[in-house]
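Participant: Everything below, folded, please.
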Amino acid sequence: MASCSDIAHVLETAMGTVARALPCDGVALRCDGQWSTHGAVPDARALAQALAWAKRQPPHRAAASSDVHDWCTDAP
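Facilitator: Residues are numbered from 1 along each chain as shown. You can find the predicted model right below:
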């Protein structure tokens, strides 16, 4: 089985494709405690808040929100 770093490398190389395929400003990936980003993404603290928010969402659907205030407690 591939390690997380192998999978992360494959996903990192596809981040530009993902960003073009989805309506988004940027894409972030976390693997083994490390963030990889493409495009415009929040800072590390806000990314951690987004990840915590996503983990609280129902597991049967993809976590998504168009409102930063859903997941970032100190957004302007």
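Participant: element containing Leu51?
Facilitator: helix 44-55 (DSSP states H and E).
Participant: just checking, what packs against that helix?
Facilitator: strand 26-31 (3 or more Cβ pairs under 8 Å, 6 or more residues apart in numbering; DSSP states H and E). The way it works is simple: take the backbone N, C-alpha and C, and place the C-beta from them, glycine included.
Participant: Please point out which parts of the strand it packs on sit buried.
Facilitator: Neighbour counts over strand 26-31 (16 or more other Cβ atoms under 10 Å) mark Val27, Ala28, Leu29, Cys31 as buried.
Participant: Point me to the residue sitting closest to the centre of the protein.
Facilitator: Nearest to the mean C-alpha position of the chain, by Cα atoms, centre = their mean, lies Ala28 at 3.6 Å.
Participant: so what's it up against?
Facilitator: Ala28 makes contact with Trp35, Ser36, Thr37, His38, Val41, Pro42, Leu47, Ala50 under the criterion Cβ atoms under 8 Å, 6 or more residues apart in numbering.
Participant: mind listing what the second one touches?
Facilitator: Under the criterion of Cβ under 8 Å, 6+ apart, the contact list for Ser36 reads Ala8, Leu11, Glu12, Met15, Ala28, Leu29, Arg30.
Participant: any idea how far it lies from Pro58?
Facilitator: For Ser36, the distance to Pro58 (Cβ to Cβ, to the nearest Å) stands at 26 Å.
Participant: which residue sits closest to His38, ignoring its sequence neighbours?
Facilitator: Met15 (3.8 Å; Cβ to Cβ, 6 or more residues apart in numbering).
Participant: Touching, the one you found and Ala21? I think so.
Facilitator: No: assessed by Cβ atoms under 8 Å, Met15 is found out of contact with Ala21, at 10.6 Å.
Participant: Who has more neighbours out of the two?
Facilitator: Met15 (17 against 10; other Cβ atoms under 10 Å).
Participant: residues in contact with that one?
Facilitator: Met15 touches Val27, Leu29, Ser36, Thr37, His38, counting by Cβ under 8 Å, 6+ apart.
Participant: and which of these is nearest Ala75?
Facilitator: Thr37 (17.7 Å; Cβ to Cβ).
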